[in-house]
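3D, please:
(2 chains)
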Amino acid sequence: MSVFEPAVELVRGLWVTFKMMFEKPVTYQYPEEKREVRKRFRGRHELHRYENGLEKCIGCALCAAACPADAIFVEAAENTDEKRFSPGERYASTYEINMLRCIYCGYCEDACPTEALTLGDNYELSFYDRNSAIYTKEMLLDPAPVTSKLTPQKVEPGAFNRSVPEMENPKD
Amino acid sequence: MITDWTLWLEWFIKALVIIFALLIGFAYLTYYERRALARMQTRIGPNRAGPYGLLQPIADAIKLIFKEELSPAKAYKFVFFLSPILTLLPSIVIGAVIPWGATVHWFGRDINLYLADINVAVLFFAAIASVSVYGIVLAGWSSNSKYAMLGAMRSTAQMISYEVALGISLTPVILLANSMSMREIVEAQRSMWFVVYQPLGALIFWIATLAEVNRAPFDMPEAEQELTAGYHAEYSGMKFALFFMAEYQKMIIVSAILAVFFFGGYLGPGEAQYPILGPVYMFAKIMILLFVMIWVRATWPRIRYDRLMSFGWKILLPASLATVFLTAVGILMFDVAKNALWMWFIPVSSMLVFAICVIGVYQALRRLTYERV
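Okay, here's the model as predicted:
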């Protein structure tokens, strides 16, 4: 511990801040330049479809039951072979998530028996009033692979009777 | 008796130019500081309003002007209104005596690039700079709020303590230049800047001015974390902006004064042939000195209050007295012995004295620390 150590330390501090001036800023210019989210990031919910365009959601409301914040409201209706939305007996005729209540815990994802619901990458959720915080099925549902495969579809009888598909364990 | 109306016009225009330069300088100093601080923290800083964020100060000004002006119910209204003005005015008034350049020949007449070359400019500076303490202490007192009061008390104690060292550290400059006029002080530095002859004086002056304008690491009066902005805690809107303006204008002014006293003011290569280069050099020097202030703010933590006081009274005051003594001895010996070597006695001996002073205080502090344990 030398006498001049405090003075040396002061100058060393100055040198650190000066050096930092020539480093690249870490700032993201947000609206133009967006940051990649992490692999397991939990953002806005997405409702998925099968490749043939049918919705994965079967309207079982297990997500609503699992939700600790009571943010999800599901109402189911019957599928018919003339107007088929999803495999199996029923589909979600109403599917609403209140984004002001949602705490993004991901329990709904875990509860979903068909992997229909996942928490996606979108974190840009801001609203001007409470009503627009309620995201409906149309807003959450993935777009159909091609426009001809939109639901409801007219399908052959007996082809889509099984509601819960064969699934693998999640990989990531 | 001045009867030449063009002279009045010239003075009027020069006064307007100085006031507007300081006002715009204040606005853009905030931008400069924010950008420089941001870069030191590997951020970008304000870059949204206008190209490179250059309109940010204007946006801030518009926001502050339209903000609601609140005054506490139990405030002393008249003093409460008066104190921002009292704080701001001295910084503009000092601008009048700063020489921004030599004399230029325009429109068939000699125009001095300064408003007033009064022969006691150094005293004028010391006197006017002290007035702004009143603004701060009255602001704290009239707010009738404990945080504002504490901030004002700290500020007053700090400014009065450092004023002593500030005033004394000006004396070597007066001795070296053999004049109190700022113009003559600058002209005396044509051969050599005073910072070379008296580096300790420059250092003490700089530290004392940092304390005087309440900048980090001496920003005790407005310590955000402890005092919620100190003496201007109760101010909002334009009255707050005036305090803010005063602080930044004082930064500009003390940088200009430091440049004039120790860094050759408007002098620079080619200035003798083209006097218009004077303000350019002055501007560059002020920018560099302001950068150092910002740099220090980005780096050093706030000094503890008792250490602030002991630093002011136990190191700066003796050291500044020593600089006066050693400068006087050097000049006297130079006059008697006619040997230029005696001029170099000043910086060498003063740095030596400063080192001894620092060592002494350090050892004393260390003894104290050990005794406590």
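
please count neighbours and contacts with C-alpha atoms only from this point.
Noted.

helices of chain B, residue ranges please.
Along chain B, counting by DSSP state H, helices occupy B:5-40, B:56-65, B:77-94, B:121-142, B:146-177, B:182-187, B:194-197, B:199-212, B:224-227, B:237-262, B:277-299, B:305-310, B:317-337, B:341-372.

give me phi/psi at the closest residue to A:T80 other than its chain neighbours?
Nearest non-adjacent residue to A:T80, counting by CA to CA, 6 or more residues apart in numbering or on different chains: A:E89, 7.7 Å away. In terms of degrees, to the nearest 10, the main-chain angles of A:E89 are phi -80, psi -40.

still on that earlier bit, what's the closest of the helices of chain B to chain A?
Between chain A and these, the shortest separation by CA to the nearest CA is 4.7 Å, and it involves helix B:5-40.

right, is that closest one up against chain A?
Yes. Counting by CA under 8 Å from any CA of the partner chain, chain A is contacted by helix B:5-40 at B:A36, B:R39, B:M40.

which residues does the nearest residue to the second one once chain neighbours are set aside contact?
Looking back up the chat, that one is B:R39. Leaving aside its chain neighbours, B:R39 sits nearest to A:M21 (5.0 Å; criterion: CA to CA, 6+ apart). For A:M21, the contact set (CA atoms under 8 Å, 6 or more residues apart in numbering or on different chains) comprises B:A36, B:R39, B:M40, B:Q41, B:T42.

how much space between A:M21 and A:L10?
The gap separating A:M21 from A:L10 is 17 Å, by CA to CA, to the nearest Å.

and what of A:V37?
A:V37 is 39 Å from A:L10, where distance means CA to CA.

what does A:L125 give?
46 Å.

direction included, what does the longest strand along chain A pair against?
If you go by DSSP state E, chain A has its longest strand at strand A:90-98. Counting by DSSP bridges, the strands paired with strand A:90-98 are strand A:72-78 (antiparallel), strand A:134-135 (antiparallel).

give me the number of residues near B:Y266?
27 (other CA atoms under 10 Å in any protein chain shown).

show me where pLDDT drops low in chain A?
A:1-4, A:172 (pLDDT under 70).

so where do the helices sit in it?
Ranges of helices in chain A, per DSSP H, are A:5-20, A:62-66, A:107-111, A:137-140.

and B:T171, which of those helices is closest to it?
Evaluated over the helices of chain A, closeness to B:T171 peaks at helix A:5-20, with 25.9 Å, by CA to CA.

and the contacts of that closest one?
B:R39, B:M40, B:Q41, B:T42, B:W295, B:V296, B:A298, B:T299, B:W300.

change it to 10 Å
A:2, B:37-43, B:292, B:295-300, B:358, B:362 (CA atoms under 10 Å, 6 or more residues apart in numbering or on different chains).

contacting residues around A:C105?
Residues in contact with A:C105 (CA under 10 Å, 6+ apart) are A:R42, A:G43, A:C67, A:P68, A:A69, A:L119.

again, only this time at 8 Å
A:C105 touches A:R42, counting by CA under 8 Å, 6+ apart.

what about residue 154, neighbour count?
As the question left the chain open, I've gone with chain A. 13.

right idea, wrong chain: chain B
By the criterion of other CA under 10 Å, B:R154 has 20 neighbours.

go on, B:Y305?
B:Y305 has 14 neighbours, counted by other CA under 10 Å.

ditto for B:K250
Neighbours of B:K250 (other CA under 10 Å): 28.

that one reaches B:V213, doesn't it?
Yes. With contact defined as CA atoms under 8 Å, B:K250 counts as touching B:V213 (6.2 Å).

who's in contact with the closest residue to B:Y28 other than its chain neighbours?
Using CA to CA, 6+ apart and skipping the chain neighbours, the partner closest in space to B:Y28 is B:P57 (6.4 Å). Contacts were defined as CA under 8 Å, 6+ apart; by that measure B:P57 touches B:A27, B:Y28, B:T30, B:Y31.

now which of these would you call buried?
Among the contacts of B:P57, those classed as buried by 16 or more other CA atoms under 10 Å in any protein chain shown are B:A27, B:Y28, B:T30, B:Y31.

now residue 88. Nearest residue, chain neighbours left out?
Using chain A here. Closest to A:G88 by CA to CA, 6+ apart is A:S163, at 4.0 Å.

you looked at the wrong chain, it should be chain B
Among residues not flanking B:L88 along the chain, B:A246 sits closest, at 4.4 Å (CA to CA, 6+ apart).

what does B:M343 give?
B:G330 is the one closest to B:M343 (CA to CA, 6+ apart), at 5.7 Å.

B:V324 too?
Going by CA to CA, 6+ apart, B:V324 has B:P172 as its nearest residue, at 5.3 Å.

next one: B:V280
B:Y266 (7.6 Å).

residue contacts, the one you found?
Contact analysis of B:Y266 by CA under 8 Å, 6+ apart lists B:P99, B:W100, B:G101, B:A102, B:V186, B:V260, B:L277, B:G278, B:P279, B:V280, B:Y281, B:M282.

from B:L258, how far off is it?
From B:Y266 over to B:L258 the distance is 12 Å, taken as CA to CA.

check the residue of the stretch 101-250 of chain B found nearest chain A and give its pLDDT.
Of all residues in the stretch 101-250 of chain B, the one sitting closest to chain A is B:P217 (11.6 Å; CA to the nearest CA). Looking at B:P217, its pLDDT is 82.
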